[in-house]
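Engineer: Got a sequence here, can you model it:
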Amino acid sequence: MALAQIETDLALKYSFKLYKITYTSITPSGESTILSGAVFVPVTTAALPLFSFQHGTQAKRNEVVSNKFLFLYEGITGGIGASLGYVSCIPDYLGMGDSQLTQAYLDNKTSAATVVDIILATREFCSKNNIILNNKNFIGGYSQGGYVTMAAQKSIEEDYSDKITLTASAPMAGPFDMENMFNGLLASGEYSSPGLPAFLLYAYNTYYKIADLSAIFASPYAAKINGLFNGSKTIGEINPELTTDLKLLFTPSFFTNFLENKNSALWTAVKQNEVLTWTPKSPILLLHSKADGTVPYANSEKAAEYFKSKGFNKVTLMPLDGLDHIQAAVPATLAMFAWFQTY
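Structural biologist: Residues are numbered from 1 along each chain as shown. So this is what the prediction gives:
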């Protein structure tokens, strides 16, 4: 199959073994915490590249690869990666899998640490189990995972270049331009998946103490929020419990005191978690559908424009046409692997 300028005929060569690992990372406050993840290891004695894949938004704690392995999209991605010859690791994230904390949804530093730490933990796992790694390291992710991948690349290049040499990165269909996306979302008044902005505000309020939930969410939704985001429900189960009319989901005072006040605690948190704040060093492939109504294509356009404005030209923006956010995930992922194979 050919996708735009990338040929996506992939030769799956290896059987693989699956492992669950736990490792130490950090919370948004910098405290040490234990996270879980999965590692897919090709059955071969050859020296292998390492690949970390970051999954999209999931609110239900046990809906993770370390628990269900190949029964999720990201698990299949890990399996394809291993079959192609990559030692593939997939972090569950803070608040997912074994972690009982609130998920730090779209939190820059925590997202980055999750990836850096699972890469280092996977290296240690390989060393202890006589699995040989070469010096190539790849990262990729879709949706929330695209944002997490971008945050991880920034952290690796700025703070961990002595420990991790990044070969290439594929942040796909992520909310890279947080401020403009948030402005556009709430200005539109309607959103088909209200669980997503609600999840972001719940997470930011948990870790940045923006306001009492009743000052953010209108009745009757304020009373439901803690129960919706306690790790027991998927976004698909949460959406029907809310309203797609954001003017009814959030309080009038929230719009006045927080959205319109660019000095509010909310905007301080949003700006603190922007990822378009550095000049990359490693090649980047941005894959995004122009028909994406969940995370608009403009996010990837802005990322490409920003990086090029900083003099970084090793960024490629590849549009996919006619696919919604969910439909684009598989072809984007196959194109990511085909691109990785060129390195």
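
Engineer: What is the least confident helix or strand in this protein?
Structural biologist: Confidence across the helices and strands of the chain bottoms out at strand 2-3, with a mean of 46, counting by mean pLDDT, DSSP states H and E.

Engineer: Dump stretch 91-105 to PDB, keeping only the CA atoms.
Structural biologist: Output in PDB follows, covering the C-alpha atoms of stretch 91-105 (Å, rounded to 0.1, in the frame of the first residue of the first chain):
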ATOM      1  CA  PRO A  91       4.000   3.000  28.700                       C
ATOM      2  CA  ASP A  92       0.600   2.800  30.400                       C
ATOM      3  CA  TYR A  93       1.000   6.400  31.700                       C
ATOM      4  CA  LEU A  94       0.600   7.900  35.200                       C
ATOM      5  CA  GLY A  95      -2.900   7.000  36.500                       C
ATOM      6  CA  MET A  96      -3.100   4.000  34.100                       C
ATOM      7  CA  GLY A  97      -2.300   0.300  34.600                       C
ATOM      8  CA  ASP A  98      -0.700  -0.200  38.000                       C
ATOM      9  CA  SER A  99      -0.800   3.500  38.900                       C
ATOM     10  CA  GLN A 100      -3.700   4.500  41.100                       C
ATOM     11  CA  LEU A 101      -3.200   8.300  40.800                       C
ATOM     12  CA  THR A 102      -5.200  10.600  38.600                       C
ATOM     13  CA  GLN A 103      -3.900  10.600  35.100                       C
ATOM     14  CA  ALA A 104      -1.800  13.600  34.300                       C
ATOM     15  CA  TYR A 105      -3.600  14.200  31.000                       C
END
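
Engineer: relative to its centroid, which residue of the protein is most remote?
Structural biologist: Within the chain, Thr45 marks the point farthest from the mean C-alpha position, 31.2 Å out by CA atoms, centre = their mean.

Engineer: the helices in this protein, which residues?
Structural biologist: Applying DSSP state H to the chain gives helices spanning 65-68, 73-84, 108-128, 144-159, 178-188, 195-208, 213-216, 225-228, 235-238, 246-249, 252-254, 265-272, 298-309, 329-340.

Engineer: closest one to Leu101 among those helices?
Structural biologist: helix 195-208 (8.8 Å; CB to CB). C-beta here means a position set from N, CA and C on the backbone, and glycine is covered the same way.

Engineer: Report all helices and strands that the closest one contacts.
Structural biologist: With contacts taken as 3 or more CB pairs under 8 Å, 6 or more residues apart in numbering; DSSP states H and E, helix 195-208 sits against helix 178-188, helix 213-216, helix 225-228, helix 235-238, helix 246-249, helix 265-272.

Engineer: where's it relative to the chain centroid, distance-wise?
Structural biologist: How far helix 195-208 lies from its chain's middle: 15 Å, per CA atoms, centre = their mean, to the nearest Å.

Engineer: what does it rub up against?
Structural biologist: 28-29, 57, 59, 102-107, 182, 185-186, 191, 210-211, 213, 216-217, 221, 225, 228-229, 235, 238-239, 242, 246, 249, 265-266, 268-270, 294 (CB atoms under 8 Å, 6 or more residues apart in numbering).

Engineer: Put the buried members of these into a PyMOL selection.
Structural biologist: Buried residues among those (16 or more other CB atoms under 10 Å), as a PyMOL selection:
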select buried, resi 28+57+59+102+103+104+105+106+107+182+185+186+191+210+211+213+216+217+221+225+228+229+235+238+239+242+246+249+265+266+269+270+294
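
Engineer: domain assignment for this structure?
Structural biologist: The chain breaks down by automatic domain parsing into domains covering 2-177+276-340, 178-272.

Engineer: By mean pLDDT, show me the worst of those.
Structural biologist: Among the domains of the chain, domain 178-272 carries the lowest mean pLDDT, a mean of 91.

Engineer: buried set for stretch 63-81?
Structural biologist: For stretch 63-81, burial by neighbour count (16+ other CB under 10 Å) applies to 63-67, 69, 72-75, 77-81.

Engineer: ditto for stretch 179-197
Structural biologist: Residues of stretch 179-197 classed as buried: 181-182, 185-186, 191, 193-197 (neighbour count, 16+ other CB under 10 Å).

Engineer: For those residues, give me JSON lines that also has distance to Gly37.
Structural biologist: Shown next, in JSON lines, are the buried residues of stretch 179-197 (distance: CB to CB, whole Å):
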{"residue": "Met181", "distance to Gly37": "27"}
{"residue": "Phe182", "distance to Gly37": "29"}
{"residue": "Leu185", "distance to Gly37": "30"}
{"residue": "Leu186", "distance to Gly37": "33"}
{"residue": "Tyr191", "distance to Gly37": "30"}
{"residue": "Ser193", "distance to Gly37": "26"}
{"residue": "Pro194", "distance to Gly37": "29"}
{"residue": "Gly195", "distance to Gly37": "24"}
{"residue": "Leu196", "distance to Gly37": "23"}
{"residue": "Pro197", "distance to Gly37": "27"}
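
Engineer: any idea which of those residues is the one closest to Tyr343?
Structural biologist: Met181 (30.2 Å).

Engineer: Quick one: residues contacting Ala59.
Structural biologist: 103, 195, 199, 228-229, 231, 233-235, 238.

Engineer: re earlier: go through the domains of the chain and pick out the most buried.
Structural biologist: Among those, domain 2-177+276-340 has the highest mean neighbour count (mean count of other CB atoms under 10 Å), at a mean of 20.

Engineer: thinking again about what came up before, closest to Pro91 out of the helices of the chain?
Structural biologist: Per CB to CB, nearest to Pro91 of the helices of the chain: helix 108-128, 4.4 Å.
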